[in-house]
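Trainee: Here you go, sequence then predicted model.
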Amino acid sequence: MSETTNALGAFLRARRELVTPQQAGIPDGGVRRVPGLRREEVAMLAGISADYYLRLERGRNRNPSLPVLESIARVLHLDEDHFAHLLTLVSEVSRRHKRRPRKETPPAGALKLLNSLLQPALIEDRYFDVLASNDLARALSPSFTPGANQLRALFLDPAEQALHPEWENVTECFVANLRQAVGNDIDDPRFIELTGELSLASPRFRQLWARHEVRSQRGTPIRINHPQVGELTLNRERLAINGTTSLMLVIYHPDAQSADADKLALLASAGLPPSARRTTAPTFT
């Protein structure tokens, strides 16, 4: 049974393999054939039968009770983000009857706000497709060009990778957020296309995807090694547009009166052509 048809089992198995016996308080009995905990060990520590837990992992029981899920989450050391994701995987709402999100278009008000910002800014969807960006964002990275996908650039474009001194941490964060954003809608065609391409082309993506890490992106500093102005650290903020999480306004801003602010100002004055001094959005067909 594939991850698409048994998302709950794939998640439980991946997270189980990341918990060591020592973390679970189980004496090390020597050589183990599988990484992490065994199924029967998870069941014992969670206070459920081994057969019941086996049915969960194999997709034969899709609706465990909340106390059971809380017990399993405790054993697997799931944090708040991972537990929230676990709950989406056992929802009684069939994915076949969920309304597909339509292709998003940034509202006019959000585009006006984007165009008024003096910091690098862009609008992205839940797949990290760039829907709109301002001049300074595109000067900061070509991956912020409307129509580009930031995940594809991070994993497949050496020039984009060179921009990130902490590339491994950045990729881990982006993949974990993709898991969180998509939830249990794993048969979404756009999602399947993107993860399939990256899984085939990038060993790093394949490794991270198999871990089933889940994390919501919060404001965080990010280091960039820019070919024109050198290394600078910018604060990355993601703001929901119209109260949803399907469209996000992303702003990169430096600390006030810092060397990073000076470098960003230098980049902004590096001679952008007048014809490019406007916010652009891609035309999708």
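Mentor: Perfect, thanks for sending it.
Trainee: how close does the residue nearest to the spatial centre of the chain get to Leu232?
Mentor: Taking CA atoms, centre = their mean, the centroid of the chain lies closest to Asn177, which sits 2.0 Å from it. Distance of Asn177 to Leu232, given as CB to CB, to the nearest Å: 23 Å. For every residue, glycine as well, the C-beta is placed using N, CA and C.
Trainee: Just to be sure, the residue nearest to the centre of the chain is in a strand?
Mentor: No: secondary structure assignment (DSSP: H, G, I helix; E, B strand; the rest coil) places Asn177 in helix, not in a strand.
Trainee: Looking at it now. What's its pLDDT?
Mentor: Listed pLDDT for Asn177 reads 90.
Trainee: which residue sits closest to Arg38 in space, ignoring its chain neighbours?
Mentor: Distances taken as CB to CB, 6 or more residues apart in numbering put Arg32 closest to Arg38, at 7.7 Å, once the chain neighbours are dropped.
Trainee: And for Ala148?
Mentor: If the residues on either side of it in the chain are set aside, Ala148 comes closest to Val130, at 5.0 Å by CB to CB, 6+ apart.
Trainee: and what of Ala121?
Mentor: Ile251 (4.6 Å).
Trainee: Give the residue spans of the stretch 101-250 of the chain that score low on pLDDT.
Mentor: For the stretch 101-250 of the chain, the stretches with pLDDT under 70 are 101-103, 244-245.
Trainee: Please repeat the previous calculation with a cut-off of 80.
Mentor: Applying pLDDT under 80 to the stretch 101-250 of the chain flags residues 101-104, 183-188, 216-219, 243-245.
Trainee: Now do the strands for it: every range, in order, please.
Mentor: All strands of the stretch 101-250 of the chain, identified by DSSP state E, counting those that start in this stretch, fall at 121-125, 130-133, 220-226, 230-240, 247-253.
Trainee: Compare those and give me the one nearest Arg60.
Mentor: Nearest to Arg60, of all those, is strand 121-125, at 34.7 Å by CB to CB.
Trainee: Quick one: the helices in the protein, in order.
Mentor: 7-16, 21-24, 39-46, 50-57, 66-75, 80-89, 108-116, 135-140, 150-156, 158-162, 167-182, 189-201, 203-211, 259-268 (DSSP state H).
Trainee: okay, the ones you listed in a markdown table with distance to Pro221 next?
Mentor: Shown next, in a markdown table, are these (distance: least, CB to CB, whole Å):
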| stretch | distance to Pro221 |
| --- | --- |
| helix 7-16 | 28 |
| helix 21-24 | 29 |
| helix 39-46 | 37 |
| helix 50-57 | 38 |
| helix 66-75 | 30 |
| helix 80-89 | 20 |
| helix 108-116 | 22 |
| helix 135-140 | 15 |
| helix 150-156 | 17 |
| helix 158-162 | 19 |
| helix 167-182 | 11 |
| helix 189-201 | 25 |
| helix 203-211 | 21 |
| helix 259-268 | 10 |
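Trainee: Looking at those helices, which is nearest to Asn242?
Mentor: That would be helix 108-116 among the helices of the chain, by CB to CB, at 7.7 Å.
Trainee: which parts of that closest one are buried?
Mentor: By neighbour count on 16 or more other CB atoms under 10 Å, the buried set for helix 108-116 is 110-111, 113-114.
Trainee: quick one on the thing from earlier: neighbours of the residue nearest to Ala148, just the number please.
Mentor: 24 (other CB atoms under 10 Å).
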